[in-house]
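> prediction below, plus the sequence it came from.
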Amino acid sequence: MAVTLKRTNSADADFQMLIKELDLDLRERNGEMMDIYDQHNKIAPIDTVVIAYLDNEPAGCGCFKIFDDSTIEVKRMFVRKNARGKRISSLVLAELENWAKELGYSIAVLETGSIQFEAQALYQKAGYDRIAAYGPYIGLPDSLCYKKVLGD
């Protein structure tokens, strides 16, 4: 099984398909809680999207947006059910971090849900540390926020 990564933007049809699946997956897992979180998951046009392909089929994605002068925020990380367990999310996350560093950013932040256990494990394994909730996630008890200083 060959995994390839593509840097693209949010207009990419494969990205659009994957984030629709992500939204359905989150709704299935989290139920009505998503009524609160859906507003934070809207992606304005963005030029920093990574799509993973497994044997030339779209398998996962992620993107980042500018948070401040030195920081990016990782968003919309997702791997399709049939592609899970193949380290695709780790590859996508590493590619997003490398791209951010190439663009001159030194910090990454992100938010995930309290019951997204596999996401929490991914981020901790990748060197992210829990931080206080930031921005729109302040006061939302099901939000867990993370930060990583992007090394060389």
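On my side now, so go ahead.
> quick one: average pLDDT of stretch 44-55?
Stretch 44-55 shows a mean pLDDT of 94.
> in that stretch, what's buried?
Within stretch 44-55, the residues scored as buried using 16 or more other C-beta atoms under 10 Å are 46, 48-54. Backbone N, C-alpha and C define where each C-beta goes, glycine included.
> wait, which of those residues is closest to Asn9?
Nearest to Asn9 among these: Val49, at 5.5 Å, using C-beta to C-beta.
> list the contacts for the closest one?
Val49 makes contact with 7-10, 12, 15, 61-63 under the criterion C-beta atoms under 8 Å, 6 or more residues apart in numbering.
> repeat the analysis, applying 7 Å as the threshold.
Going by C-beta atoms under 7 Å, 6 or more residues apart in numbering, Val49 touches 8-10, 12, 15, 61, 63.
> farthest-separated two in those?
Taking C-beta to C-beta as the measure, the contacts of Val49 reach their widest spread between Asn9 and Cys61, a distance of 11.7 Å.
> phi, psi of Ser106?
phi -120, psi -10 (degrees, to the nearest 10).
> swap in Gly127?
Backbone torsions of Gly127, given as degrees, to the nearest 10, read phi 100, psi 10.
> neighbours of it, how many?
Under the neighbour criterion other C-beta atoms under 10 Å, Gly127 is assigned a count of 14.
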